[in-house]
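S.K.: A structural model of the following input is requested.
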Amino acid sequence: YIFPGVEASYDENHELLVRIVSEAEEDVPAMLVPPLLRPWSGPSTSTGSTVGVCLIYFHANACDIGDCIDDMCTLRDGAFGGDCVVLAPEYSGYGLLSDYEPTVESIDLVARAAWRFARHGLGFRRDQIVLCGRSIGSGPAARQAQVVGARGAQKGSHSRSRPLGALLLLAPFTNIPDVVLAHTSSSIVASLVGPMWDVAELVQEPGLRDVPMCVVHPREDEVVPLELGQAVLDRAAARPELKYGLWLSGASHNFMFEPEPARAVGAFIAEHLPE
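M.R.: Just a heads-up that it's a prediction; the model follows:
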């Protein structure tokens, strides 16, 4: 039930569709929402010199990238005032990749491809890139953050900038067994489920100590309990002043991300992004 079958919401002719290349040299479809307030002639290696932020968005499990455009635009406009490119890579098993088997490994492969595209295809610096994951998407977002955080820690004092701009998680889970346990109250059943991504462990990467960490979670989340999102934030390696939790009243798991909470998230992140 982790990766249910979802009917594709887009096709090859979607106006926002781009292609990025994975390590396996295979094309990965992605949606690219351009900046709102700047002239746009398409993606280029100089995009990062004219646009302030690149947000990489990892979607939830009950939708594909075509279903995420409203969220992407809300984040672009509400959080970053339009000065942002939003890139959402597709997962294996979804959309134009529906013929492939969705696995943790294949989705992590897509996450790495999206990071490389943001860095080298669009020309963004590491500290201009915000990783954002919603629900199951918090897994690949946290994994990619851990990877670049560890890489930055290895460089040590030779690295002049943070390994990434910020990590933003929407309704995240600690790990899948914890979610199962919350619904079944059976530790035996929970033990039979693989951890997939252990988000709470991934965000403890020491190399993420200087990376702003934001968690947005509905108080009435009926799928991933609020306390799991709070635990992710509590356990994160980020310094206390770089942690921000926003708990949405009257909202459930599939909440619509409104402009007001997006602005609150953006105000927090803007305090710590480079000029």
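
S.K.: Tell me, please, where in the stretch 51-200 of the chain the pLDDT is lower than the cut-off.
M.R.: Applying pLDDT under 70 to the stretch 51-200 of the chain picks out residues 156-160, 186-193, 195.

S.K.: ok, and D234, which helix or strand is that part of?
M.R.: Using DSSP states H and E, D234 falls within helix 226-235.

S.K.: Show me what secondary structure element comes after that helix.
M.R.: Later in the chain than helix 226-235, the nearest helix or strand by DSSP H and E is strand 243-248.

S.K.: Report the inter-axis angle for that following strand versus helix 226-235.
M.R.: Relative orientation of strand 243-248 versus helix 226-235 (axes from the mean of the first three to the mean of the last three C-alpha atoms, to 10 degrees): 170 degrees.

S.K.: What is the helix holding D234 packed up against?
M.R.: helix 176-184, helix 199-202, strand 213-218, strand 243-248 (3 or more C-beta pairs under 8 Å, 6 or more residues apart in numbering; DSSP states H and E). For the C-beta atoms, the positions are set from N, CA and C on the backbone; glycine is no exception.

S.K.: Which one, of those, ends up nearest to D99?
M.R.: Closest to D99 of those is helix 176-184 (C-beta to C-beta; 24.6 Å).

S.K.: Check which residues of the closest one are buried.
M.R.: Neighbour-count burial for helix 176-184 flags 176-182 (criterion: 16 or more other C-beta atoms under 10 Å).

S.K.: so what does that helix touch, helix or strand wise?
M.R.: Looks like helix 176-184 contacts helix 187-191, helix 226-235 (3+ C-beta pairs under 8 Å, 6+ apart).

S.K.: Next, the buried residues of the longest helix along the chain.
M.R.: Assignment by DSSP state H gives helix 138-155 as the longest helix of the chain. Buried positions in helix 138-155, judged by neighbour count with 16+ other C-beta under 10 Å: 138-149, 152.

S.K.: how about the residues you listed in TSV, adding distance to A88?
M.R.: Listed next are the buried residues of helix 138-155 as TSV, based on distance: C-beta to C-beta, whole Å:
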residue	distance to A88
S138	14
G139	15
P140	11
A141	11
A142	16
R143	16
Q144	14
A145	16
Q146	20
V147	19
V148	18
G149	22
G152	24
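
S.K.: what ranges do the strands span in the protein?
M.R.: Secondary structure of the chain (DSSP state E): strands at 17-21, 27-33, 53-58, 84-89, 129-134, 166-170, 213-218, 243-248.

S.K.: Buried residues in the first one, which are they?
M.R.: Residues 17-18, 20 are the ones in strand 17-21 that count as buried (16+ other C-beta under 10 Å).

S.K.: Give me the residues contacting the longest helix of the chain.
M.R.: Residues outside helix 138-155 that contact it (C-beta atoms under 8 Å, 6 or more residues apart in numbering): 56, 58, 104, 107-108, 110-112, 114-115, 126, 131-133, 159, 162-164, 167-173, 196-197, 199, 202-203, 205-208, 211, 232, 237.

S.K.: ok, 6 Å please
M.R.: With contacts defined as C-beta atoms under 6 Å, 6 or more residues apart in numbering, helix 138-155 is touched by 58, 107-108, 111, 115, 131, 133, 159, 163-164, 167, 169, 172, 197, 199, 202-203, 205-208.

S.K.: Tabulate the CA atom coordinates of stretch 62-76 in PDB.
M.R.: Output in PDB follows, covering the C-alpha atoms of stretch 62-76 (Å, rounded to 0.1, in the frame of the first residue of the first chain):
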ATOM      1  CA  ALA A  62      -1.100   9.000  -4.000                       C
ATOM      2  CA  CYS A  63      -0.300  11.400  -6.800                       C
ATOM      3  CA  ASP A  64       2.200  12.000  -9.600                       C
ATOM      4  CA  ILE A  65       4.100  15.100 -10.600                       C
ATOM      5  CA  GLY A  66       1.200  16.400 -12.700                       C
ATOM      6  CA  ASP A  67      -0.900  16.600  -9.600                       C
ATOM      7  CA  CYS A  68       1.600  18.700  -7.700                       C
ATOM      8  CA  ILE A  69       1.600  21.800  -9.700                       C
ATOM      9  CA  ASP A  70      -0.700  23.700  -7.300                       C
ATOM     10  CA  ASP A  71       1.700  22.900  -4.400                       C
ATOM     11  CA  MET A  72       4.700  23.900  -6.500                       C
ATOM     12  CA  CYS A  73       3.200  27.300  -7.400                       C
ATOM     13  CA  THR A  74       2.100  28.000  -3.800                       C
ATOM     14  CA  LEU A  75       5.700  27.300  -2.600                       C
ATOM     15  CA  ARG A  76       7.200  29.400  -5.400                       C
END
